[in-house]
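Q: Quick one: sequence and predicted model below, then my questions.
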Amino acid sequence: MSTTTYPHGNTAWFTRDRLGMFIHWGLYSCAARHEWVMNREELTVEQYRKYFEHFNPDLFDPVAWARHAKNAGMKYFVITTKHHEGFCLWDTRYTDYKVTNTPCGKELIGPLVEAFRNEGLKVGFYYSLIDWRYPDFPVDARHPQRNDSEFRTKTQGRDVSRYAAYMRNQVEELLTRFGPVDIIWFDFSYPGHDGKGKDDWESEKLLSLVRKLQPDILINNRLDLNGAGDFVTPEQYQPHGKVLGNDGKPLVWEACQTFSGSWGYHRDEQTWKSIGQILRMLIDGVAKGGNLLLNVGPTARGEFDFRAIEKLEQMGQWMRVNGVSIYECGPAPDELTCPPDCRYTFNATKNRLYLHLFAWPFRFLHLQNLIGKIEYAQFLHDASEILFEEHTGTDVHDIKRPKNCVTLKLPAVKPPIEIPVIELFLK
Ligand code: GLC
């Protein structure tokens with residue numbers, strides 16, 4: 001089987017930065033019951049129109065959004081410039097179905113890019129390959145009108161190549177109007193019967209356009225082109241280990257996760273994750289060599305959900321003191337087996353190992369394969385020393401500790417930190 005080799009962007013900054021903010025914002029924030037509402041309720045373009053006519057985010061403050069992200073420790077953001085509903089948040093020349101024609105009356109991507117850049121965050125654009133409103137987008141199994149046979153018959157002549165050209169035009173706008181863009185996040189392909197994939201999107205052409213306009217940009221892996229993406233995108237789950245390519249080498253990856261069960265603002269959704277769960281996802285990801293893109297769905301008034309603000313603030317408190325175990329870190333060397341209920345991350349440049357305690361042990365924690373290797377140990381949050389002993393295992397009657405390990409001596413009571421981190425300076 002022949003495989004095409006595609007040019008790639010440089011992911012060095014991406015794997016250093018580790019944490020980004022996803023933002024899902026569009027007309028669905030008016031419905032406030034999931035960004036797939038048009039599909040789930042099988043709404044027609046006409047029925048959906050009411051959201052277009054009422055989209056008026058009068059409290060929109062991009063600077064406030066950028067500060068929330070920055071304070072939470074996020075280093076980049078990815079905004080839905082267009083989601084599956086087809087509505088565009090910038091003043092595109094190629095459709096009237098855009099924010100400037102709603103009561104909002106102004107373009108939103110420019111101000112967002114500026115605000116986030118001013119806070120030092122990198123810029124990413126999500127662009128939906130799917131478009132349930134575009135007149136040339138053929139109805140398929142995931143289209144809101146999938147069960148409307150009359151509509152299907154009526155629209156049989158839809159020409160997907162015109163839609164593919166529309167996408168290229170729009171992507172060209174996005175990648176020429178807003179300065180350097182660090183990430184483009186296409187979403188998504190579902191090839192096969194009644195689906196769409198690379199031949200429909202004309203993915204090869206789209207990809208070379210992106211590379212031509214922004215050679216350094218990072219592209220995700222959802223164009224249905226094997227080997228084309230710069231990073232892979234597990235969605236709503238954590239990989240069970242490092243993510244490996246066909247050649248057995250680790251791939252760059254980014255898990256995208258929601259605070260609750262919806263990407264778009266969902267008023268009544270109650271399954272909000274605890275801050276502990278969120279932090280564990282972040283740490284678990286870095287321990288396996290991945291990033292976290294954590295999503296916020298702003299309201300139709302233009303503000304972050306108050307529940308998201310609360311979690312972002314808690315995240316910021318943890319990141320302020322523990323961020324050094326996340327940024328510039330990755331998996332620990334393979335020979336270091338992590339103790340139960342813990343995760344290691346490792347900063348190879350500084351030669352420091354970070355031990356994250358998901359559960360608080362009683363007094364002693366035993367670390368394998370580290371004898372003679374630790375120079376100093378401390379809690380990260382307050383830089384207080386952790387005493388340790390090394391056991392070479394000569395005393396066979398000592399059942400207190402396993403052989404050949406370093407034993408950390410911990411306080412009986414867990415420090416007041418959601419997930420305490422121990423910093424191990426290696427020799
Ligand atoms: C999905 C969904 C979508 C969301 C995205 C984020 O594929 O279609 O609503 O934007 O995942 O990864």
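A: Structure's in. What do you need? Numbering: from 1, shown residues only.

Q: Just the element for the residue sitting nearest the centre point of the chain, please.
A: Geometric centre of the chain, nearest residue: residue 293, 1.8 Å, by Cα atoms, centre = their mean. Residue 293 belongs to strand 290-296 when assigned by DSSP states H and E.

Q: could you dump that strand to PDB, C-alpha only?
A: C-alpha atoms of strand 290-296 as PDB (Å, rounded to 0.1, in the frame of the first residue of the first chain):
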ATOM      1  CA  GLY A 290      -0.900  14.600  25.100                       C
ATOM      2  CA  ASN A 291      -2.600  18.000  25.300                       C
ATOM      3  CA  LEU A 292      -5.900  19.000  26.600                       C
ATOM      4  CA  LEU A 293      -8.300  21.200  24.700                       C
ATOM      5  CA  LEU A 294     -11.000  22.100  27.200                       C
ATOM      6  CA  ASN A 295     -14.200  23.500  25.900                       C
ATOM      7  CA  VAL A 296     -16.400  26.400  26.900                       C
END
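
Q: I'd like the distance from the helix or strand following that strand to the chain centre, please.
A: Next helix or strand after strand 290-296 toward the C-terminus (DSSP H and E): helix 306-322. Distance, stretch centre to chain centre, for helix 306-322: 16 Å (Cα atoms, centre = their mean, to the nearest Å).

Q: in its sheet, what does the strand holding residue 293 sit against?
A: Under the criterion DSSP bridges, strand 290-296 sits next to strand 19-23 (parallel), strand 253-258 (parallel) in its sheet.

Q: so can I have CSV of the ones you listed showing distance to the ligand?
A: Yep, even glycine has a C-beta here, placed from its N, CA and C like the rest. Below are the strands paired with strand 290-296 laid out as CSV (distance: least, Cβ to the nearest ligand atom, whole Å):
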stretch, distance to the ligand
strand 19-23, 7
strand 253-258, 4
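
Q: And for residue 84, the neighbour number?
A: Using other Cβ atoms under 10 Å, residue 84 has 23 neighbouring residues.

Q: likewise the one 5 residues further on?
A: Applying the criterion other Cβ under 10 Å, we find 24 residues in the vicinity of residue 89.

Q: do the same with residue 277
A: A count of nearby residues for residue 277, using other Cβ under 10 Å, gives 12.

Q: got the buried residues for whatever helix or strand it lives in?
A: Remark: residue 277 resides in helix 275-287, with elements defined by DSSP H and E. Neighbour counts using 16 or more other Cβ atoms under 10 Å place 275, 278-287 of helix 275-287 among the buried residues.

Q: and the angle from it to helix 306-322?
A: If you take axes from the mean of the first three to the mean of the last three Cα atoms, to 10 degrees, helix 275-287 sits at 50 degrees to helix 306-322.

Q: Residues contacting helix 275-287, please?
A: 18-19, 238, 255, 257, 259, 273, 291-292, 294, 311, 314-315, 318, 325-326, 329-332, 338, 343-345, 356, 358, 418-419 (Cβ atoms under 8 Å, 6 or more residues apart in numbering).

Q: you'd agree the residue nearest to the centre of the chain is up against residue 256?
A: Yes - contact status for residue 293 versus residue 256: in contact at 4.5 Å, counting by Cβ atoms under 8 Å.

Q: between these two, what contacts are shared?
A: Residues touching both residue 293 and residue 256 (Cβ under 8 Å, 6+ apart): residue 22.

Q: Just list the residues touching the closest residue to the ligand within the stretch 1-150 of the chain, thanks.
A: Minimum separation of the stretch 1-150 of the chain from the ligand (Cβ to the nearest ligand atom) falls at residue 35, amounting to 4.9 Å. Applying Cβ under 8 Å, 6+ apart to residue 35 gives the contacts 24, 26, 28, 83-85, 262-264, 297.

Q: I'd like to know which residues of the protein are adjacent to the ligand.
A: Within the chain, the positions adjacent to the ligand are 24, 35-36, 187-188, 235, 256, 263 by Cβ under 6 Å from any ligand atom.

Q: ok, back up a step: from the buried residues of helix 275-287, pick the one nearest residue 391.
A: residue 287 (25.5 Å; Cβ to Cβ).

Q: how about stretch 92-109: buried residues?
A: For stretch 92-109, by 16+ other Cβ under 10 Å, it's 92, 94-95, 97-99, 101-102, 104, 107-109.

Q: Tell me the bridge partners for the residue nearest to the centre of the chain.
A: residue 20, residue 256.

Q: what pLDDT does it get?
A: Residue 293 carries a pLDDT value of 98.

Q: hmm, back to that, give the PyMOL command for selecting the buried subset of the contacts of helix 275-287.
A: In PyMOL syntax, the buried subset of the contacts of helix 275-287 is picked out as below (16+ other Cβ under 10 Å):
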select buried, resi 18+19+238+255+257+259+273+291+292+294+311+314+315+318+325+326+329+330+331+332+343+344+345+356+418+419
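
Q: mind checking how far the residue nearest to the centre of the chain is from residue 156?
A: According to Cβ to Cβ, to the nearest Å, residue 293 and residue 156 sit 38 Å apart.

Q: same thing with residue 21?
A: Separation of residue 21 from residue 156 (Cβ to Cβ): 41 Å.

Q: Quick check: what element follows the lowest-mean-pLDDT helix or strand in the chain along the chain?
A: Lowest on mean pLDDT, DSSP states H and E among the helices and strands of the chain sits strand 388-391, with a mean of 91. Once the chain leaves strand 388-391, the next helix or strand it forms, by DSSP H and E, is strand 405-409.

Q: Wasn't residue 14 part of a helix?
A: Yes - the assignment for residue 14 is a helix, going by DSSP: H, G, I helix; E, B strand; the rest coil.

Q: okay, now it: neighbour count?
A: Other residues near residue 14 come to 22 when the count uses other Cβ under 10 Å.

Q: Verify the stated contact: it with residue 231.
A: Yes - applying Cβ under 8 Å as the test, residue 14 and residue 231 come out as touching, 6.9 Å apart.

Q: what touches both of those two?
A: 218, 252, 254, 291.

Q: Grab the nearest non-local neighbour of the second one.
A: Read that as residue 252. residue 231 (4.2 Å; Cβ to Cβ, 6 or more residues apart in numbering).

Q: how far away is that neighbour from the ligand?
A: Remark: distance between residue 231 and the ligand (Cβ to the nearest ligand atom, to the nearest Å) = 13 Å.
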